[in-house]
Each structure stands twice: as C-alpha cells, then as structure tokens.
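Student: 3D model of this:
(one chain, ligands or ions: 1)
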Amino acid sequence: MSRRLSALVILAMCASACAAPPTPFSLRFTVFPTAQGADVVVEVHGGRDDLAWVGFAAGPGAPAELPQRVQSVQARTLDGRRLPQRPQGSAGYQIELEGSSWQLSYSLDLRPRSGNDIFYRSSVRGDDYLVLVGSDAWARFYTSPDALAMSPTERPGGAVLEARAAFNLPDQPAPWNVATTARARNPRTYELTEHPASSVFALGPLKIRDVEEVPGLKLAVHPRWSVLNESIDSLTGQLLLSHRERLGLPGSTTALALLNPLPQPLGPTDGIRTAGMVRDRSLILYAGASPRIEPNGPQLREALAVFLGHELFHLWVPSGVQVTRELSWLSEGWAMHMGRLAAVEVGWLSEPASVQRLQDAYRRYLDIGGYRAGSLTEASMGSESRRDLLYLRGELVFRLLKRQWALSNDGSFEAELWRALADAYDGRTPLDTESVREALASLVDGGTVRRYVEGTSPLTPSALGLRRR
Ligand SMILES: [Zn+2]
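Tutor: Below is the predicted model:
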C-alpha cells in the first residue's frame with residue numbers, strides 16, 4: 001500500500017516536473033545598423049542540455065513579408081563553427097545543436113518597399129535612423145516541430161525567460177542614441193523580462209526629453225523633423241493638457257512619442273502627409289510637408305494639431321487601457337474625435353473648420369460606401385485597405401453615441417466612458433467587445449449601441465447633428 005502510494009507520489013511529481021515544460025531561453029540580441037537595415041546577432045543561453053535541435057522562425061504578429069526581410073541566416077557555435085540548419089515550415093529554420101552553446105545571426109532588410117510600408121509596418125530604416133518594432137525585428141525560438149509546422153500567425157510566442165537588447169550605435173556624423181520604454185542597463189543595453197515582440201527601439205541622432213504634462217512620457221524628436229519644429233514641444237504639451245483635463249492621467253506610467261521625418265521617397269508632393277502607429281506604449285509618428293505648403297500657414301497648423309491630438313490620445317486608448325483588435329473602430333474613432341476636439345481647444349483649429357471637417361467626413365462616409373458597410377467589429381478585423389472607412393465610421397458612431405448620452409446627461413461623455421473602461425480594465429487583459437459593450441450600454445441604451453456597432457442602422461445627418469447636403 002505504502003509502496004503504491006510512493007509510486008503515485010513520484011508519478012504525480014513527474015507529471016509536473018517531467019512533462020516537458022516549454023524550454024525557457026535567455027536571449028541577447030545585438031543590433032548593428034547597416035545601409036539597408038540592420039544585422040542582428042542573437043546569443044541563446046539556457047534551455048535543456050538534451051535538445052537536439054531548436055527552431056527559429058517568424059512568430060505571431062510578424063508581417064507577411066518578414067521572410068523576405070530576414071536574410072543571411074547563420075547559426076554557429078560560440079567558437080565560430082557553423083551548425084547545420086535547414087528551412088522548415090513557413091518562415092522558419094531548424095538548427096541542429098550538436099550539444100554546443102550557439103548563436104544566430106541574420107540581416108534585416110528594412111528599406112521601405114512601397115508608400116504603404118511605413119503606414120502599416122513600422123520597422124524601417126531611413127538615412128539616419130532605424131526604428132525596430134519587436135514583431136518585425138526579433139526572431140522567435142521553438143523546441144517543438146509542431147510550432148514550426150504552423151503558419152506564423154498561429155504559432156505560440158515561444159518560451160523566453162528574459163531578453164537583452166544591445167545596440168552598436170554610430171558616432172558619426174551625429175552621435176546616435178536609443179529611445180525606448182524598455183529598462184536601460186546603460187545607454188546602449190536594455191533589459192526585458194520577456195521576448196521583445198512588443199518592444200519599440202528607435203535609434204538615431206534623437207533629441208529625447210521628458211514631457212512635463214504627462215509624467216513618464218518621453219518625446220524623442222529627430223533633427224530632420226521639419227513640420228512646425230519650433231512649436232512642437234508647446235503644441236504637444238497643450239494637447240496633452242487638453243486630453244488630461246478631460247480624461248485624467250493615462251493608465252500607463254512610461255510611454256514614448258517618436259517624431260520622425262517621412263522617409264525621402266514618401267514625402268508629399270502637396271500638403272502634409274502623416275502616419276502614426278501605436279505599438280505597446282510607444283507612438284511612432286511620421287510627418288512631412290510639401291515644400292510648396294506655407295510653412296506657418298493655417299492648413300499646416302490645423303493638420304498637425306489634429307494629427308498629434310489623435311496620436312497622443314492613443315496613450316489613453318489603446319495604450320493605457322488596452323482593447324482587443326476588434327475594438328479598433330472605437331479606439332480609432334474616439335482618437336479621431338479627440339484629435340479634433342483638442343485641436344480646437346488649444347486654438348489651432350477654429351470651431352467652424354472643425355464642423356466642416358466633420359461634415360466632410362460624413363460626405364466621404366457616403367461616397368466610399370459607409371452606408372452599407374455592416375458590423376464595425378467585423379470591419380475592425382478586416383482588411384487594412386478599408387481602414388480609412390473604419391476610422392470614419394468609428395468617429396461618426398462615437399459622435400452619435402455622445403449625442404445620445406448628452407440628451408439626458410451633463411458633463412463629459414469622454415470622461416465617463418474613460419472611467420467606465422478604466423474600471424473594467426485589470427491592467428493586463430485587453431478589454432473585449434463584450435466588456436466594452438457593457439461600458440457603453442451603461443452610458444447609452446444598449447439597443448442604440450448594438451444597432452450602430454452592428455451597423456444595422458445607417459448613420460443619418462440628423463442623428464449626427466449635421467446639416468443635410
Ligand atoms: Zn489612431
């Protein structure tokens with residue numbers, strides 16, 4: 001009896017200790033900027049001694065074109081002997097370990113391939129800067145053949161215990177530095193407690209400073225940022241104050257806003273061109289103005305204030321309170337609305353110009369088929385090419401819900417909604433459609449929320465408080 005018991009105990013212990021837990025690695029990435037992008041050397045430490053091979057592959061969140069961007073993959077032992085490797089699965093390699101500690105190197109080709117490149121993927125190499133976004137830049141490691149056989153989007157994240165990123169920064173012609181929210185060991189080395197898939201590192205001759213209005217926020221401005229350069233700090237501060245007065249402080253304590261010039265070939269021939277992306281707690285922003293546009297004129301001032309107002313709002317949603325991707329209609333629609341509101345409040349956009357912008361948005365919504373565009377949740381998961389329409393619809397629906405709320409309430413709809421979302425958010429798990437619908441339905445009746453979010457009721461000028469055409 002007692003022998004059977006001890007056998008059971010051993011079995012039970014083995015079930016937890018011996019059932020092949022995911023093998024945690026420590027990773028050290030070192031980045032050497034090159035003319036096209038970067039060379040990356042990864043040292044892999046830890047793991048089990050008995051592993052015969054390990055897989056290296058693009059992981060979840062990686063762009064579809066990553067396999068073309070990753071070149072010259074080579075695995076070597078630490079004393080330089082080449083290890084056998086072969087391509088495996090989609091965008092993956094299998095490396096035979098031969099019982100040695102080892103390292104891997106690869107090149108990242110980050111030249112923009114098209115105008116859309118930096119609008120949808122943000123790891124990019126300019127003449128004198130390099131922006132590395134985790135899922136675009138860093139390899140994932142696997143110890144199970146099943147993971148390599150899956151498509152990159154289906155793969156698990158791979159087991160990583162800790163990671164370190166180090167940078168070989170050029171000193172000439174201007175000294176480069178690193179802007180990131182990651183914890184610095186020294187100005188060239190950063191420590192991460194998990195795989196840096198959601199990290200952002202910007203390298204370049206950046207001017208980095210704290211933003212007083214939101215403690216913990218750093219602004220990193222590239223010296224070639226050329227759009228209203230002399231006003232950028234005060235404008236950023238005023239826009240943040242406007243958001244802060246309405247919403248309170250954002251939930252996140254460290255954040256970064258990066259202001260970069262547009263890569264040369266993407267500069268606008270007319271007017272201003274902007275692109276903004278949120279990755280984790282970093283805002284990656286690009287802007288360029290045509291040389292033909294009046295350098296201090298109202299067109300430029302309005303466009304920049306609305307753009308920055310929009311992007312800075314993303315420190316609240318989705319950075320401070322995270323939401324799942326199917327809620328991008330809300331985070332983007334709300335951001336569009338806040339961008340205009342803040343631009344008016346800081347005096348960079350007139351009230352009539354703001355109303356005209358909304359009127360134009362409605363006309364465009366009709367012109368590009370918004371009337372029959374269906375569920376916002378589904379559209380949020382849909383194709384990148386329909387993003388424009390999604391943002392437009394998001395803004396109009398946000399405006400409609402706000403008007404509904406204002407019929408029987410005083411005060412700020414934005415503040416109430418932010419509070420309801422912040423209350424529902426546990427600081428880790430992104431809010432899903434159900435919890436956000438609950439938050440919205442606590443402010444505006446559930447039927448209205450459902451109808452407009454599901455897109456069963458088209459948006460009319462009267463419901464939006466706009467004049468008819
Ligand atoms: Zn946005």
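Student: contacts, neighbours, all on C-alpha from now
Tutor: OK.
Student: Would you check that Tyr286 makes contact with Asn260?
Tutor: Yes. Using CA atoms under 8 Å, Tyr286 is in contact with Asn260, at 4.9 Å.
Student: So these two - more neighbours on which side?
Tutor: More crowded of Tyr286 and Asn260, by other CA atoms under 10 Å: Asn260, with 25 against 20.
Student: Adjacent strands (with direction) for the helix or strand encompassing that one?
Tutor: If you go by DSSP states H and E, Asn260 is part of strand 255-261. Here strand 255-261 is paired, per DSSP bridges, with strand 217-221 (parallel), strand 282-289 (parallel).
Student: next SSE after the last one?
Tutor: Where DSSP H and E defines the elements, the next helix or strand beyond strand 282-289 is helix 298-313.
Student: which is the next helix or strand following that following helix?
Tutor: Per DSSP H and E, the first helix or strand lying C-terminal to helix 298-313 is helix 328-345.
Student: which residues touch the very next helix or strand once past that following helix?
Tutor: Per DSSP H and E, the first helix or strand lying C-terminal to helix 328-345 is helix 351-367. Helix 351-367 is contacted from outside by 340, 344, 371, 389, 392-393, 396, 461, 466-467, using CA atoms under 8 Å, 6 or more residues apart in numbering.
Student: Give me the buried subset of these.
Tutor: Neighbour-count burial (16 or more other CA atoms under 10 Å) is assigned, among those, to 340, 344, 371, 389, 392-393, 396.
Student: quick one: which of the contacts of helix 351-367 is nearest Ala159?
Tutor: Checking the contacts of helix 351-367 against Ala159 by CA to CA gives Leu389 as the nearest, at 38.2 Å.
Student: And what about that closest one, helix, strand or coil?
Tutor: At Leu389 the chain is in helix, as set by DSSP: H, G, I helix; E, B strand; the rest coil.
Student: measure the residue nearest the centre of the chain to Leu219 for me?
Tutor: In the chain, the residue lying closest to the centroid (CA atoms, centre = their mean) is Arg279, at 1.9 Å. Distance, Arg279 to Leu219, using CA to CA, to the nearest Å: 15 Å.
Student: next one: Arg155
Tutor: 34 Å.
Student: Among those two, which residue is more densely surrounded?
Tutor: Taking other CA under 10 Å, Arg155 and Leu219 do not tie; Leu219 has more neighbours (22 against 19).
Student: pLDDT score for that one?
Tutor: You'll see Leu219 listed with a pLDDT of 95.
Student: Who is it paired with across the strands?
Tutor: Arg209, Ala257.
Student: which ones are touching it?
Tutor: With CA under 8 Å, 6+ apart, Leu219 has these contacts: 208-211, 256-259.
Student: Among these, which one lies nearest to Ser319?
Tutor: For the contacts of Leu219, the nearest to Ser319 is Leu256 (10.7 Å; CA to CA).
Student: List the contacts of the closest one.
Tutor: Per CA under 8 Å, 6+ apart, neighbours of Leu256: 179-181, 217-220, 281-283.
Student: And for Ser199?
Tutor: 133-134, 180-182, 279-280.
Student: Domain parsing of the chain, as residue ranges.
Tutor: Domains of the chain are assigned by automatic domain parsing as 25-109+137-170+182-193, 321-469.
Student: Just give me the neighbour total for the nearest residue to Arg403 once chain neighbours are set aside.
Tutor: Among residues not flanking Arg403 along the chain, Leu464 sits closest, at 7.4 Å (CA to CA, 6 or more residues apart in numbering). Look at Leu464: counted by other CA under 10 Å, it has 20 neighbours.
Student: Let me see the contact set for Leu464.
Tutor: With CA under 8 Å, 6+ apart, Leu464 has these contacts: 396, 399-400, 403.
Student: Is it possible to get CSV of those residues that adds secondary structure?
Tutor: Output for the contacts of Leu464, formatted as CSV (three-state DSSP):
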residue, secondary structure
Leu396, helix
Arg399, helix
Leu400, helix
Arg403, helix
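Student: looking at these, which has the most residues close by?
Tutor: Neighbour tally across the contacts of Leu464 (other CA under 10 Å): the maximum, 25 neighbours, falls on Leu396.
Student: Quickly note the distance from it to Leu239.
Tutor: Separation of Leu396 from Leu239 (CA to CA) stands at 22 Å.
Student: Then Leu341?
Tutor: 10 Å.
Student: Look at those two and report which has more neighbours.
Tutor: Under the criterion of other CA under 10 Å, the comparison of Leu341 against Leu239 puts Leu239 first, with 27 against 20.
Student: mind checking which helix or strand of this structure has the lowest mean pLDDT?
Tutor: helix 2-17 (a mean of 44; mean pLDDT, DSSP states H and E).
Student: I'd like the next helix or strand past that helix.
Tutor: Counting by DSSP H and E, what follows helix 2-17 is strand 25-33.
Student: which residues touch that following strand?
Tutor: 38-47, 130, 159-169.
Student: now the contacts of Leu219 as TSV including distance to Val306?
Tutor: TSV is the format used below for the contacts of Leu219 (distance: CA to CA, whole Å):
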residue	distance to Val306
Ile208	23
Arg209	22
Asp210	22
Val211	19
Leu256	19
Ala257	16
Leu258	17
Leu259	15
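Student: In PyMOL, select just the buried ones from those.
Tutor: This is the PyMOL syntax for the buried subset of these, where burial follows 16+ other CA under 10 Å:
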select buried, resi 208+211+256+257+258+259
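Student: Settle this for me: Ala147 is touching Gly157, isn't it.
Tutor: No. Contact criterion CA under 8 Å: Ala147 and Gly157 do not qualify, at 9.4 Å.
Student: quick one, which of those two is more surrounded?
Tutor: Ala147 (21 against 18).
Student: I'd like to know how far the more buried one sits from Leu104.
Tutor: 19 Å.
Student: I'd like the strands paired with strand 255-261 as JSON lines, with distance to Ile95 appended.
Tutor: What follows is these, written out as JSON lines (distance: least, CA to CA, whole Å):
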{"stretch": "strand 217-221", "distance to Ile95": "39"}
{"stretch": "strand 282-289", "distance to Ile95": "34"}
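Student: closest one to Asp410 among those?
Tutor: strand 217-221 (31.4 Å).
Student: Let me know the next secondary structure element after that closest one.
Tutor: helix 232-247.
Student: remind me which residues of the stretch 351-469 of the chain are low pLDDT?
Tutor: Low-confidence segments of the stretch 351-469 of the chain, defined by pLDDT under 70, are located at 469.
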